[in-house]
Each structure stands twice: as C-alpha cells, then as structure tokens.
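turn this into a structure:
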Amino acid sequence: MSTEPLPLDRRLRQEILFARERVYRFGQATPLERLVLPGNEPGPEVWVKREDLSPVKAYKWRGACNRMAVLTAEERARGVVTASAGNHAQGVALAAKKLGVRARIHMPRSTPRVKQHAVRHHGGEFVEIVFSGDSYDEAVTAARADEAAGGAVYVHAYDDLLVMAGQGTLADEIVLSGHGPFDAAFLQIGGGGMVAGVSSWFRTYWPAMELIGVEGVGQASMKAALAAGRPVALDQVDIFCDGTAVRKAGALPFEICRETLGRVETVTNAEVSTAIRVLWEALRCVSEPSGAMGLAAVLKNRAALAGKRVLVVVTGANIDFLQLGLIAQSQGAA
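This is a model prediction of the structure:
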C-alpha cells in the first residue's frame, strides 16, 4: 500500500529533529545575547544569536555536517565536491576532516583570504581548494562539471533538504533557550537555506511571530523570486555582502519562504556597515557584512519596532582584516 509523501514543510521539520542527533558531534550550541541599541531614541529589545562563535565562525557548519553525516560508506569513498563563497566551504571542510572524507571545494577568486585560510585549517589534508571563476555561480558551474566527471557527491550550500534542516537547528536552540517568544525575526537571505530552516521551525513553535527576510539591495534574489512566483536569476549581484551574493534563490528554500515569510526587506551597504559598527560597540562582536544584515534592517525600522522584542542572527564573522578597516573608516572610526 503506497502512502502520499509528506509536504516539504513537514519533511523539513522532521529532518530538523533528526539533525539534533547529528550536528552536535561536530560543534556546540551558540549563545543568544541581548543587544542594547545605542542612543536614546525609542526602539525594540534586540536579541542576537551569536553564530559567529561557532566552530567555523559561521552557522554553515550545521547544514554541511548534517548532510555529510548521512553519507553511505560508498559515498564517503567517492568523496564530496561543492561550491562555496567561503562559509559553507568551512563547514564541508570541518565535516570532511572529522569523517575522513576527501572534499574538493570550488571557490570564487573573490573569496576573502580569511575564508580560504579557514577552509585549509579546518579540512587539512582532506580538502582541496579549486579557484573557479569570479562569482559563486561560476564556481557552481565548475563544481557541477567536477561532479559529473569524477563521481563525487555534490553537497549543495542551500538547495538541499538536509542542509536546510541542519541550519534549522539554530532556531531549535533559540526556542529551547527560554528567552522567547519574540515579536519578529529579521533573517538574512543568500540562497535561502538558513531562512527556510529557521522560519519553518519558528512558524511551528511561535506562529504569531513576524518573519522578515533581509537581502542586500544589489542581491535580492528571494525578493525577485517571490515577486515572480518562482526563482529567477538576477542580471548581476553586488558582492559587498559576499556571504549572501547569490544570483538565484534555491528552489526548495523558495517553496518554504513563500509560505513562512511575511515580507522581504532590503538594506544598503552603508546600512550594513552601520550595523557592523553597532555589533562591535555593543557586544564586541566582529561581524562580516552578511552577518550584520538582520540588524541593519532592525536599525532601519527602529522607530516602527519600538517596544517589540526582535531577533537577529549574526551569521558569520569571517571578514578580512583589511575590509574591516575600510568599513571602520567609512563609519568615521579613528
């Protein structure tokens, strides 16, 4: 007797429960901290999920490790291949070394050096970096060709149910923290893996919570997808927020986000830079540009959010020291 397959959202929530049993072999839960906004103007009570304090200084280890933990013996022998702008690559490298699996990682030539070095650090002899093209999409093309030619298992950075579920464990930690519920969450979007996993979990436990996606004005692929009714490719992508510089939202994340997100907001590079400064001054947290996008949207809507309890995720801290200095100068820092 055949049974109907579960809807995608139910499968995702089920996989997040399974991911609980896998990801903590590779890393630990991250803290949730209160951030006091600067100035005396009315504003929200802000809570920050500190994924910058994770094993790879970004949340991406969760999805990569969850996916690679279920590789069969035959798949492990074949090895894995992926494309990444940096943080997913570190997660793959971490899992590769712990599992003893060979990984070949295609990265854009524009990948910050700090992320390149971190991949080598976490993966050691199990990882080979291949610089392919000048954008994430060009790296994906090269990695897919590599997969077809060599037979390695492709570990997608976001368009994969198990990867999305792994990212969803950060939302599970927030629910279990005892600090909720929250009135709203501002969640940054690249390909959509994190926002899909996190928003699906929040929608289940805190159905009244407003879920807002956040994208850079020059990389708003999910906003374009929601407007078109399907994922569409942007003509060009701004790479200031390199961790979210994706031309086309993932098909699976899109299906989740069209049901869970109330809206998608965009932020400018200048607004992101201000948020990076606020994170440093309030928490001594060093955020990469993509990591500060959620807070940038909160600061942009400060007055409208007054009196509410809001949540943001610092998704990563992998920023080159030179870029950090340039951002500090743009903010008038001494």
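
use CA for all of it now, contacts and neighbours both
OK.

what segments of the stretch 101-250 of the chain are strands?
If DSSP state E, counting those that start in this stretch is used as the criterion, the strands of the stretch 101-250 of the chain fall at 103-107, 127-131, 153-154, 184-188, 210-216.

helices or strands next to the first one in the packing?
Contacts defined by 3 or more C-alpha pairs under 8 Å, 6 or more residues apart in numbering; DSSP states H and E place strand 103-107 against strand 80-83, helix 87-99, strand 127-131, helix 136-150.

where does the stretch 1-150 of the chain dip in pLDDT?
Counting by pLDDT under 70, the low-confidence segments of the stretch 1-150 of the chain come to 1-2.

residue 64 is nearest to which of the helices and strands packed on strand 103-107?
Ranking the helices and strands packed on strand 103-107 by distance to residue 64, with C-alpha to C-alpha as the measure, places helix 87-99 first at 5.3 Å.

who touches that closest one?
26, 56, 58-65, 68-69, 82-83, 101-103, 105, 115, 118-120, 122-127, 157, 243, 316, 318 (C-alpha atoms under 8 Å, 6 or more residues apart in numbering).

6 Å - rerun?
By C-alpha atoms under 6 Å, 6 or more residues apart in numbering, the surrounding residues in contact with helix 87-99 are 60, 61, 64, 65, 119, 122, 123, 126, 157.

so which of the strands of the stretch 101-250 of the chain comes closest to residue 232?
Comparing those by their distance to residue 232 (C-alpha to C-alpha), the top pick is strand 210-216, with 15.0 Å.

and the closest one, which strands flank it?
strand 184-188 (parallel), strand 263-267 (parallel) (DSSP bridges).

got CSV for the ones you listed, with distance to residue 199 and mean pLDDT too?
Shown next, in CSV, are the strands paired with strand 210-216 (distance: least, C-alpha to C-alpha, whole Å; pLDDT from 0 to 100):
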stretch, distance to residue 199, mean pLDDT
strand 184-188, 8, 99
strand 263-267, 12, 98
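
most tightly surrounded among the ones you listed?
The densest packing among the strands paired with strand 210-216, expressed as mean neighbour count by mean count of other C-alpha atoms under 10 Å, is seen in strand 184-188 with a mean of 26.

identify the residues contacting that one?
209, 210, 211, 212, 213, 214, 215, 293, 294, 310, 311, 312.

possible to save those as a markdown table with distance to residue 225?
Below are the contacts of strand 184-188 laid out as a markdown table (distance: C-alpha to C-alpha, whole Å):
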| residue | distance to residue 225 |
| --- | --- |
| 209 | 23 |
| 210 | 20 |
| 211 | 17 |
| 212 | 15 |
| 213 | 12 |
| 214 | 14 |
| 215 | 12 |
| 293 | 19 |
| 294 | 20 |
| 310 | 26 |
| 311 | 24 |
| 312 | 23 |
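
domains of this protein?
8-58+161-330, 61-154 (automatic domain parsing).

re earlier: the contacts of helix 87-99 in helices, which ones?
Under the assignment DSSP state H, the contacts of helix 87-99 contribute 61, 64, 65, 119, 122, 123 to helices.

count the neighbours of residue 74 for me.
Around residue 74 sit 8 other residues, with neighbours defined as other C-alpha atoms under 10 Å.

what about it, which helix or strand?
Secondary-structure assignment from DSSP states H and E places residue 74 in helix 73-78.

buried set for that helix?
With burial defined by 16 or more other C-alpha atoms under 10 Å, the residues of helix 73-78 counted as buried are 76, 78.

for stretch 306-318, same thing?
309, 310, 311, 312, 313, 314, 315, 316, 317, 318.

quick one: the last one and residue 29, what's the gap?
Spelled out, that is residue 318. Summarising the geometry, the distance separating residue 318 from residue 29, computed by C-alpha to C-alpha, to the nearest Å, is 19 Å.

so which residue is dead centre in this structure?
Among the residues of the chain, the one closest to the centroid is residue 194, at 4.9 Å (C-alpha atoms, centre = their mean).

pretty sure residue 209 sits against residue 183.
Yes: judged on C-alpha atoms under 6 Å, residue 209 makes contact with residue 183 at a distance of 5.0 Å.

re the thing from before, possible to save the strands of the stretch 101-250 of the chain as TSV with distance to residue 76?
Conversion of these to TSV gives the following (distance: least, C-alpha to C-alpha, whole Å):
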stretch	distance to residue 76
strand 103-107	10
strand 127-131	13
strand 153-154	8
strand 184-188	32
strand 210-216	35
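
tell me which of the ones you listed sits nearest to residue 247.
Nearest of the strands of the stretch 101-250 of the chain to residue 247, taken as C-alpha to C-alpha: strand 210-216 at 11.7 Å.

how far is that closest one from where the chain is centred?
With C-alpha atoms, centre = their mean, to the nearest Å as the basis, the distance from the averaged C-alpha position of strand 210-216 to the chain average is 13 Å.

and it, average pLDDT?
The pLDDT scores in strand 210-216 average 99.
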